[in-house]
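K.L.:
Based on what follows, work out the 3D shape:
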Amino acid sequence: MGAELGERRENLSSLRRDLADSQRALREELNEGLQRSIRSMGALLAESQSAQAKAQGEKLGEIQRGLMTLSAQVENRLKTSALENEQKLENIRATMEQRLGALQADNNKRLEQMQQVVDEKLQKTLDERMTQSFKLVNERLEQVYKGLGEMQTLAVGVGDLKKVLSNVKTRGTLGEIQLEAILSEILAPEQYEKNTTVSPHGRERVEFAIRLPAQDDSRVLLPIDSKFPTDAYGELVDAYEAGDPARIKGAQDSLVARIRGFARDIRDKYINPPYTTEFAIMFLPTEGLYA
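P.N.:
Here you go, the predicted model:
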């Protein structure tokens, strides 16, 4: 039993040694196989990378050649397009110049026609105006000739009027008539009096007096008297016609003195407050006296 057990132990030890040797040999074989696989895969990978790099280089070269070809084509097209555009612009410019020339010629023609029409109308208007002006001048000349005839007739009448007005009483009557005509046109008969006294107990009578209302329902008179310094005025007119400055100055002074004398006379005779206003009116029947 003991011998058998020892034998079995020895066999078991031998098996262990054999198993260990087998495992070691297997590991070595596996390591060698793995190394060979790694070396093989590295070679394959390097070969693959080289092939890919070569393929990529070839593809990149093709792309570069394609880009160069495309760039050349684009450049050629741009040059062609630029030439075509330049030609088109030249054609447009020529067409525009031609049209502008035609338009300018047409405008010049129309302007000439318009100028001709305007000249014709101006000439027609000028002729009509000249005709009207000559007609008007002829009419004015006829009126002047007629007026000269009337002035000659008037001169004769003025001479007769001077003879009539040489009488002082006649001059006063003429002024009184004109003054009464004016008052009768602008006032009612009850608004003025004729040849009336200026105070209850006075004797002086004024030619006309306008009735004005007073505060106590009584009347207040505004005296009006006509004056006609014909001799002094006639002397002034004669002096102007003669063109003598010294004579004109003397006649003016004389006329002013006469009118002031009339004013003093009216003041002293006809201003009598409270029956009259504090002022009176002097009527000059000749408009030339106011100048």
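
K.L.:
mean confidence for the strand or helix carrying residue 44?
P.N.:
Following DSSP states H and E, the helix or strand that holds residue 44 is helix 2-165. Computed over helix 2-165, the mean pLDDT rounds to 76.

K.L.:
Return the list of helices and strands in contact with it.
P.N.:
Using 3 or more C-beta pairs under 8 Å, 6 or more residues apart in numbering; DSSP states H and E as the contact test, the elements touching helix 2-165 are helix 168-186. Heads up, the C-betas are built off the backbone N, CA and C, glycines and all.

K.L.:
distance between the helix it packs on and the chain's centre?
P.N.:
58 Å (C-alpha atoms, centre = their mean, to the nearest Å).

K.L.:
For it, output the C-alpha coordinates as PDB.
P.N.:
Presented in PDB, the C-alpha positions along helix 168-186 are these (Å, rounded to 0.1, in the frame of the first residue of the first chain):
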ATOM      1  CA  VAL A 168     -68.200 193.000 -57.000                       C
ATOM      2  CA  LYS A 169     -71.900 192.400 -56.400                       C
ATOM      3  CA  THR A 170     -72.000 189.800 -59.200                       C
ATOM      4  CA  ARG A 171     -69.000 188.000 -57.800                       C
ATOM      5  CA  GLY A 172     -70.600 187.700 -54.400                       C
ATOM      6  CA  THR A 173     -73.900 186.600 -55.800                       C
ATOM      7  CA  LEU A 174     -72.100 183.800 -57.800                       C
ATOM      8  CA  GLY A 175     -70.400 182.500 -54.600                       C
ATOM      9  CA  GLU A 176     -73.600 182.600 -52.700                       C
ATOM     10  CA  ILE A 177     -75.400 180.600 -55.500                       C
ATOM     11  CA  GLN A 178     -72.700 177.900 -55.500                       C
ATOM     12  CA  LEU A 179     -72.700 177.700 -51.700                       C
ATOM     13  CA  GLU A 180     -76.500 177.400 -51.500                       C
ATOM     14  CA  ALA A 181     -76.500 174.600 -54.200                       C
ATOM     15  CA  ILE A 182     -73.900 172.600 -52.200                       C
ATOM     16  CA  LEU A 183     -75.800 173.000 -48.900                       C
ATOM     17  CA  SER A 184     -79.100 172.000 -50.500                       C
ATOM     18  CA  GLU A 185     -77.600 168.800 -51.800                       C
ATOM     19  CA  ILE A 186     -76.100 167.600 -48.500                       C
END
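
K.L.:
if I look at the spatially most central residue of the chain, how far off is residue 125?
P.N.:
Here the mean C-alpha position of the chain is nearest to the C-alpha of residue 118 (C-alpha atoms, centre = their mean), at a distance of 28.1 Å. Counting by C-beta to C-beta, to the nearest Å, the gap between residue 118 and residue 125 amounts to 10 Å.

K.L.:
Thank you kindly, that will do.
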